[in-house]
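J.: Based on what follows, work out the 3D shape:
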Amino acid sequence: MIERLISEQVYLLYIMFIMMSVGMIKEHDLFSEVYLYLQKSFKSKRLVVGIISAIIGVLPIPGRVTASAGILDTMIDDNCKSKSKFGIVDYLATHHYYLWSPLEKTVLIPMGALGITYSALMIQLSPILITSLILIVGYIFFFVKESDIKFDPGSEMKISRVTRGILPLFIAIGGAAYGINPLWAYGGLTFYYMLLTMTWDVAKLNSYINWNLLVTVFVIIIIAAAARENTAEIESYLEKTPFNTSSFYGWISLSLVAFISSFCLGSSGRFVALAVILCSIYGNQYFLWFFTLEFAGYLVSPMHKCAAIGMMYFKIPFIEYASVLTIWALSLIVISGLLTFTQL
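T.: Now for the predicted structure:
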């Protein structure tokens, strides 16, 4: 157990490198010209809306929903009578990254705590990721009209200024996903951004690191490891509780508690922590189910500030907003449930 625990804690270094890279990207505004380049490259206004909202959603910048909302607002025709649609696009397109981005703790924590690779994690999460992308693309192309969008291609720019900022990030992600040791991939990325921005101040690099997050991941890895080592004892105890998964009602009770917990907390860090701990107790074969339950609860949580930001910024009617988010959450739960429990 000790050797495995030490090897899993290496993920803390991956996270640390990513934090430093993200800090330099934010401080030096290295992705600012991506938006302008995409504007000049595509003819379909709806396609640009989808790409812009998706990219802004995954970029390592604070307040992604607000940033995406502001940019989408600049693309809406002043006479648009369906502005609320863009608020829903904003929310949908800025939350898919929780399911795949290796810059997010929702991906990094399961990798570290469960000891699985990025590729293996993506295979497990691919059903709900594909479902989410279908819903997002479908909403943009069926509910948003070309006439709702104003499109200004902007001024001239050079592709080199775009690629030197964002291309190394995707090279590092791709390398880590397909065979390169993540320690080298993300460490190399950090060193590249240090060279690009001439950031050599140790205090400055330290300021980019969220030590509370690192401590949280450290604790979760230990809890998950302890749960795996004591599975028999935990299962024996759970058999005497309402969460005995040998019965149908036990699964229903456990699933409801898992969903409601995430719904009440409204935190991405907490929802993935709950999913990992439950998976460590009940087995990796239930990872997709627990992750989906917690993610769905997070999506529709009133404690989730992104929901309030989007609804207030675009003045979206509550029923319209809640309907779309509920459909998304239920779709994921149904897909996940079918795949999980029909294969056992």
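J.: any idea which helix or strand carries residue 131?
T.: Residue 131 belongs to helix 118-143 when assigned by DSSP states H and E.
J.: tilt between the helix or strand just after that helix and helix 118-143?
T.: Heading C-terminal from helix 118-143, the first helix or strand you meet, by DSSP H and E, is helix 159-177. Helix 159-177 and helix 118-143 are oriented at 130 degrees to each other (axes from the mean of the first three to the mean of the last three Cα atoms, to 10 degrees).
J.: What average pLDDT does the helix holding residue 131 get?
T.: Taken as a whole, helix 118-143 has a mean pLDDT of 89.
J.: And for stretch 273-285?
T.: What stretch 273-285 shows for mean pLDDT is 84.
J.: Tell me how many other residues surround residue 174.
T.: Residues lying near residue 174 (other Cβ atoms under 10 Å) number 13. Bear in mind the C-beta positions are built from the backbone N, C-alpha and C, glycine included.
J.: thinking again about what came up before, please name every helix or strand in contact with the helix holding residue 131.
T.: Judged by 3 or more Cβ pairs under 8 Å, 6 or more residues apart in numbering; DSSP states H and E, helix 118-143 is in contact with helix 45-58, helix 84-93, helix 105-114, helix 159-177, helix 287-299, helix 318-341.
J.: Columns distance to residue 274 on top of those helices, output as JSON lines?
T.: Below are the helices and strands packed on helix 118-143 laid out as JSON lines (distance: least, Cβ to Cβ, whole Å):
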{"stretch": "helix 45-58", "distance to residue 274": "23"}
{"stretch": "helix 84-93", "distance to residue 274": "22"}
{"stretch": "helix 105-114", "distance to residue 274": "11"}
{"stretch": "helix 159-177", "distance to residue 274": "26"}
{"stretch": "helix 287-299", "distance to residue 274": "5"}
{"stretch": "helix 318-341", "distance to residue 274": "15"}
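J.: Among those helices, which comes closest to residue 205?
T.: Evaluated with Cβ to Cβ, the helices and strands packed on helix 118-143 place helix 159-177 nearest to residue 205, the distance being 17.1 Å.
J.: May I see the buried residues of the helix or strand following the closest one?
T.: Under the assignment DSSP H and E, the closest C-terminal helix or strand after helix 159-177 is helix 182-197. By 16 or more other Cβ atoms under 10 Å, the buried positions in helix 182-197 come out as 182, 185-190, 192-194.
J.: and the angle for helix 182-197 with helix 159-177?
T.: If you take the same axes, to 10 degrees, helix 182-197 sits at 160 degrees to helix 159-177.
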